[in-house]
Structure formats: C-alpha cells, structure tokens
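Asker: Model the following, please.
(one chain, ligands or ions: 2)
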Amino acid sequence: MMMMMSTNDMLMQLGSLLATIMFIKAMYEQYLPHHWRDSIRSFLYRYTERFVRIFSPYLDITFEEYTGDRFTPSEAYITIETYLGEKTSKKARGLKGNFIKGGKALVLGLADNEEVTDEYQGVKVWWTSRKSYSKSQTISWFPGTDEKRNYQLSFHGRYREFITKTYLNYILEEGKAITIRNRQRKLFTNVKEQSGSYSRGGLWSHVEFKHPATFDHLGMEESKKNTIKNDLVRFSKAKDYYAKIGKPWKRGYLLYGPPGTGKSTMIVAIANLLEYDIYDLELTAVKDNTQLRRLLIETSSKSMIVIEDIDCSLDLTGQRSSTTKNDKDKDTKEDEDDKEKVKKKLKEEGENKKSEVTLSGLLNFIDGIWSAVGEERLIIFTTNHIEKLDPALIRTGRMDVHIELSHCCFEAFKVLANNYLDVTSHPLFEKIERLLEETKMNPSDVAENLMPKSLEIVVDTCLENLVKALEKSKMDDQLKKDEEEKREKEKAKNEVKEEIKVEEQVLANGEIKHEEDTKNKP
Ligand SMILES: Nc1ncnc2c1ncn2[C@@H]1O[C@H](COP(=O)(O)OP(=O)(O)OP(=O)(O)O)[C@@H](O)[C@H]1O
Ligand SMILES: [Mg+2]
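Answerer: Ligands and ions are numbered 1, 2, ... in the order given. Alright, predicted model coming up:
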C-alpha cells in the first residue's frame, strides 16, 4: 500500500513537473523575442558542446557564411548550401525554400539549426546549419547583418585526412555541378560597339535560352545521330583525359550542308543535350582581332561558341590556296551570291566599314593561347559551302568533327513522320522511300509538307501532300535535266557550226592566197 502511495505521489509530481515545463515552454515561445530564443539556444549549444568536445573523438570544421566581405557570401558556404539542399532534402526535417539568382526553380536548403547525416564512400558525417547573433551593439542599416550563419561538419577524428582531402573536394565539385544543373541557360549574342563604349552589361547581351529541339527531333540516320551523341557525351566527361594529354578541354565541330538541312537545329540539340549556354557570335559585328579575344575571355565554361555561315561572315577565303581557272569560272555565280549575302549582312548590321577580323585572328581565337580560357567548351561553325573555307580553318585540331547534313533520306523522313504525325508505318511509306531516292528534298521542305494544315491531324492528307511535293520535285528535276541536255546539245551544235565557219574561212583565205600567188607568178 505504502509502495502504491509513493508511486502515485511520484506520478503526480512528474505530471506537475511536465505541466510546469510545458507552461515555461509556451511562455518562452510566446513572449520571448525570436532572436533571444536563438541566442539562448546557441548559448546552451556552445557551452554543452565545448564540454562534450573535451572527451569526444569527433572533429568539427566550420564554414562561415561571410568571410571578410560582409555583403558577399563565401563561395564554400554557397556550394555547401547547394549540396546539402539537394542531397539532404529527403532526410532533413526542417527545410527552407530559396530562389537562387539566375536559377530556374525553387531550391530547398537546410533550415537553421538543423542536423543531417551524409555518407560518402562508407564514411558517415554530420552537417549542422547554425545561426547565432553577433554581440555587436551598433545599430545597423542593413537588416539581418547581426545574424551569423555557418555550416558545421562533424566527423570521426580517424577520417581527418579522408575528409579534408577527398570528401571536401567531392562536395565542392558536386555543389558546382548542382548549381549548373539548376541554372537557367542563356543565349548570348555579341553587342555592337557604340561610339567606343559598350553597354554596362559587357560585350555580350543575353536572353533566356528556351528551345525545345533535341536529337530526337532531328531527322537523320540513327547510327550517325548516335555517333555524334556519343562523341559529345564522351567530350563532356573527358576533363581528366584532356588534362592528361595537355590540351585545353574544348572541341570544334563543323556542320556543313545545303540550306534547311538542320544545322541550326543540331546546334540547339547539342546545347540541350549537354546543358550548355550558347554564344552566338556575329563576326561581322566584331571590330578587330583584339575585340574578338575580349569576347572570348568574357565567355563562361560549359558553353558553345557558334559562328553561323562562316563562309559569309568575313572574307576569310582571301588567303585560300589558289584555285584553277575552271574552278573559278564554276564558282563565279556562287561567289556573287555569297558576296550579296555578306553585303546584306553588313547592311543589316548598319555597318559600312568592314570588320577587320582576319583569318589569323580567327585561328588564334580557336586554338591560340587565349582559347584555353575557361573549359568544357565547343566551337561550332556552320556553312553551306565547305569548299570555300580555308583548309587551315577546318583542319583537325581546330574543327575536330566534320558533320555533313544533307538531303532527306528515308530514315530521316521516318523520324520526321513520327514527330509530326505520330506514324511509324503507312502504305504510302514505300512510295515515299522510292521518291526520296529519285529526287533530292531538304528535311525542312519534308517537314513543311508533313505539317498539318488544319487543327485536325489527318495523316493520309499530310503524306499525300508530301508525295505530291516529291513528284513535283522529281518532274522539276527532269525538266532541268532536259533543259540542261538541250543547252548542251545547242552548245555542241554551235561549236560545230563555229568550227565549220573557221574551216571555211581558212579555205577561203587559202584560195585567195593561191590566186594571188598565181597572179604574181612571172
Ligand atoms: N534534319 C532535320 N530534322 C528535323 N527538322 C529539320 C531538319 N532540317 C531542317 N529541319 C527543319 O527545318 C527548319 C530549318 O532548319 P535549320 O534552320 O536547322 O536549317 P539550316 O541547315 O540551319 O539552314 P541554313 O543553312 O539556311 O541556316 C527548322 O525549323 C527545322 O525544324
Ligand atoms: Mg542555319
């Protein structure tokens, strides 16, 4: 009985103790200002922690939010914040949301005074996000500047070397990779110099890069597509390899082929595959070689520098090895077209004075000493006339991969049909395959014909439209061929006539001479 009484008493006392604690906690939470609560918490934490540390085999490393400059958070702190936000958002109980500058979505981070565990190569560590208040009594104009935050990393002392050499490196690399994955990609273009000065943003201006084209949308042979994709992915993972062979981590691609064969589309697909920014360089707007170098310096890593229609951008063909007269005659018309293109480009730019960028300036841009600034970079040229480019510009080492984009083949058509009409087979496919072998049509024209002309997609109508277009193209080819043959025949006929005329003339001259000779004979 006595035992029962004392147990009851004890329970009652425990109950009242709990009630008192709950009451104090409620008062503490309701009336104590927020920052006081944090101060008390960090005070208790600090002193118990110091006591525990005397006997503990665990070590701590602290990463302060601000080191030196009170307005710019330290890079290490931001990288750790990013890493912990992504890696621990499933484990941590307290999280906070944040928009990273230039990011594309809300990023989660560890809430203040939260602890999470992380494991790397079998080693367990603890991360704590800590917030405290500085003792400074000065009144600050800047809200929140007396708050101090840091991340504390705790681990067993036996892993000291592993943590400082391997784990922290891994955190930095991974944090940076996450930042790049979360950033909003950009499409840059070079700004034209306005009376000796640039806009405040620098030499490049940019917009958000949002283009949906991927390799899946690209009409081309599957095997060729896979080879290109594998090459790109291998390049993006070859940081150590490039360091080993002593070359800057960059690669040149030359895309060539007739208009409307998917060169620009492929550039977008590459950027989307590797998640790179695009620097679309308009060479005619670049003043000289020095400015070209400055543009290069202002580009970031994980990007591609694109120069479209390189043959029309500048007169880079001037230093080309000499061509034969026949070649020249053949090229005359195309040259005229290209000159027109260059003139048009310059006019569009409002530029009367030609750019002073030279071929050697461009070669240096691609693989001179300065080209090693930044890393993981692609340089891509496009052209409709590969034969017009100086061999030095496109030799391997500068343009490592040459990709020809050509007229639409049946395999490319099947990709387009699947994308545009969701069909993988159809009775008309056989006819289309035969027609595509008999006539040349660019993927852009095939795509245009496959595009439904009304809201309702009628597969039969679209394919019939394509068949009609292909048949027309075949007829046009035949007409052109007939005309060509006619012209050739006419030319041959005229040549024969000309020869007969010359022979007659020679004969006539011979006869006159003969008559004169007989006359003059004594
Ligand atoms: N191989 C292709 N696969 C899918 N679509 C294509 C392909 N080629 C062209 N197209 C379509 O045709 C249009 C024009 O293509 P794109 O601008 O890529 O051609 P281009 O080769 O860059 O031409 P240009 O030499 O005139 O710059 C795009 O809208 C694209 O949708
Ligand atoms: Mg193009």
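
Asker: Now do stretch 506-522: distance to the chain's middle.
Answerer: The chain centroid and the centroid of stretch 506-522 are separated by 82 Å, computed with Cα atoms, centre = their mean, to the nearest Å.

Asker: Flag every buried residue along it.
Answerer: By 16 or more other Cβ atoms under 10 Å, stretch 506-522 has no buried positions at all. The C-beta positions use only the backbone N, C-alpha and C, and glycine is treated the same way.

Asker: what do you get for stretch 237-244?
Answerer: Neighbour counts over stretch 237-244 (16+ other Cβ under 10 Å) mark 238, 242 as buried.

Asker: where do the strands sit along the stretch 1-150 of the chain?
Answerer: Secondary structure of the stretch 1-150 of the chain (DSSP state E, counting those that start in this stretch): strands at 58-64, 95-99, 106-110, 115-120, 123-133, 147-156.

Asker: Now do the contacts for Ile500.
Answerer: Applying Cβ atoms under 8 Å, 6 or more residues apart in numbering to Ile500 gives no contacts.

Asker: Next one: whichever strand or helix holds it, is it in contact with ligand 1?
Answerer: Following DSSP states H and E, one finds Ile500 within helix 459-520. No: judged by Cβ under 6 Å from any ligand atom, helix 459-520 makes no contact with ligand 1; its nearest approach is 13.9 Å.

Asker: Mean confidence (pLDDT) on stretch 358-377, please.
Answerer: Stretch 358-377 carries an average pLDDT of 84.

Asker: buried set for it?
Answerer: When neighbours are counted by 16+ other Cβ under 10 Å, the buried residues of stretch 358-377 are found to be 358-359, 361-367, 371, 374, 376-377.

Asker: now, which of those lie within strands?
Answerer: Arg377 (DSSP state E).

Asker: Between the buried residues of stretch 358-377, which sits nearest Glu437?
Answerer: Ile366 (38.4 Å; Cβ to Cβ).

Asker: Tell me how far the residue nearest to the closest one when sequence neighbours are not counted lies from ligand 2.
Answerer: In space, and not counting its chain neighbours, Ile366 is closest to Arg398: 5.0 Å by Cβ to Cβ, 6 or more residues apart in numbering. According to Cβ to the ion, to the nearest Å, Arg398 stands 21 Å off from ligand 2.

Asker: Ok, Asp309 next?
Answerer: Look at Asp309 and ligand 2: by Cβ to the ion, they are 7 Å apart.

Asker: coming back round to it: for the helix holding Ile500, the distance to its chain's centre please.
Answerer: That offset, for helix 459-520, works out to 52 Å (Cα atoms, centre = their mean).

Asker: Stretch 156-167 now?
Answerer: 36 Å.

Asker: Please save the CA atoms from it in CSV.
Answerer: Output of stretch 156-167 as CSV, limited to C-alpha atoms (Å, rounded to 0.1, in the frame of the first residue of the first chain):
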residue,chain,number,x,y,z
HIS,A,156,35.3,11.0,-36.5
GLY,A,157,38.9,12.0,-36.0
ARG,A,158,40.2,8.9,-37.7
TYR,A,159,38.9,10.2,-41.0
ARG,A,160,40.6,13.6,-40.8
GLU,A,161,42.7,13.0,-43.9
PHE,A,162,39.9,11.5,-46.0
ILE,A,163,37.5,14.3,-45.1
THR,A,164,39.9,17.2,-45.8
LYS,A,165,41.4,15.8,-49.0
THR,A,166,38.6,13.7,-50.6
TYR,A,167,35.2,14.5,-49.1
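
Asker: For it, list every residue counted as buried.
Answerer: For stretch 156-167, the neighbour count (16+ other Cβ under 10 Å) marks 159, 162-163, 167 as buried.

Asker: Around the residue of the stretch 201-350 of the chain found nearest ligand 2, how many other residues sit close by?
Answerer: Of all residues in the stretch 201-350 of the chain, Ser264 sits closest to ligand 2, at 3.3 Å by Cβ to the ion. Ser264 has 16 neighbouring residues, counting by other Cβ atoms under 10 Å.

Asker: Helix, strand or coil: sort out it for me.
Answerer: With DSSP: H, G, I helix; E, B strand; the rest coil as the basis, Ser264 sits in helix.

Asker: Could you check the pLDDT of it?
Answerer: On the pLDDT scale, Ser264 is placed at 95.

Asker: ok, now how distant is it from Leu416?
Answerer: 16 Å (Cβ to Cβ, to the nearest Å).

Asker: hmm, back to that, and of the strands of the stretch 1-150 of the chain, who's closest to Glu221?
Answerer: That would be strand 106-110 among those, by Cβ to Cβ, at 40.6 Å.

Asker: Any chance of a markdown table for the buried residues of stretch 358-377, columns distance to ligand 1?
Answerer: Output for those, formatted as a markdown table (distance: Cβ to the nearest ligand atom, whole Å):
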| residue | distance to ligand 1 |
| --- | --- |
| Thr358 | 25 |
| Leu359 | 22 |
| Gly361 | 24 |
| Leu362 | 20 |
| Leu363 | 23 |
| Asn364 | 26 |
| Phe365 | 22 |
| Ile366 | 21 |
| Asp367 | 25 |
| Ser371 | 25 |
| Gly374 | 26 |
| Glu376 | 24 |
| Arg377 | 21 |
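
Asker: Now, the buried residues of stretch 358-377 that are in helices?
Answerer: Judged by DSSP state H, those include 359, 361-367 as members of helices.

Asker: which one of those residues sits closest to Gly246?
Answerer: Taking Cβ to Cβ as the measure, Gly246 lies nearest Asp367 of those, at 13.2 Å.

Asker: Was I right to think Thr299 contacts Arg377?
Answerer: Yes: at 7.4 Å, Thr299 counts as touching Arg377 under the criterion of Cβ atoms under 8 Å.

Asker: so what sits against both of these two?
Answerer: Applying Cβ under 8 Å, 6+ apart, one finds that Thr299 and Arg377 are jointly contacted by Ile305.

Asker: The stretch 51-200 of the chain: helices as residue ranges?
Answerer: 75-87, 160-161, 168-182 (DSSP state H, counting those that start in this stretch).

Asker: Need the winner for burial among those.
Answerer: helix 75-87 (a mean of 20; mean count of other Cβ atoms under 10 Å).

Asker: between that one and helix 168-182, how big is the angle?
Answerer: Using axes from the mean of the first three to the mean of the last three Cα atoms, to 10 degrees, the inter-axis angle of helix 75-87 relative to helix 168-182 is 70 degrees.

Asker: quick one, helix 75-87 and strand 58-64 angle?
Answerer: With the same axes, to 10 degrees defining the directions, helix 75-87 sits at 110 degrees from strand 58-64.

Asker: In PDB, list the C-alpha atoms belonging to helix 75-87.
Answerer: Included here for helix 75-87 are C-alpha records, laid out as PDB according to Å, rounded to 0.1, in the frame of the first residue of the first chain:
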ATOM      1  CA  GLU A  75      31.800  30.500 -52.200                       C
ATOM      2  CA  ALA A  76      32.400  27.500 -50.000                       C
ATOM      3  CA  TYR A  77      29.300  28.300 -47.900                       C
ATOM      4  CA  ILE A  78      27.100  28.700 -51.000                       C
ATOM      5  CA  THR A  79      28.400  25.500 -52.600                       C
ATOM      6  CA  ILE A  80      27.800  23.500 -49.300                       C
ATOM      7  CA  GLU A  81      24.300  25.100 -49.100                       C
ATOM      8  CA  THR A  82      23.500  23.900 -52.600                       C
ATOM      9  CA  TYR A  83      24.900  20.400 -52.000                       C
ATOM     10  CA  LEU A  84      23.000  20.000 -48.700                       C
ATOM     11  CA  GLY A  85      19.800  21.400 -50.200                       C
ATOM     12  CA  GLU A  86      19.800  18.700 -52.900                       C
ATOM     13  CA  LYS A  87      21.300  15.800 -51.100                       C
END
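
Asker: Which strands or helices does it pack on?
Answerer: Applying 3 or more Cβ pairs under 8 Å, 6 or more residues apart in numbering; DSSP states H and E, one finds that helix 75-87 contacts strand 58-64, strand 106-110, strand 115-120, strand 123-133, strand 147-156, helix 168-182.

Asker: okay, these in CSV with mean pLDDT next?
Answerer: As requested, these are exported to CSV (pLDDT from 0 to 100):
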stretch, mean pLDDT
strand 58-64, 89
strand 106-110, 66
strand 115-120, 89
strand 123-133, 85
strand 147-156, 87
helix 168-182, 87
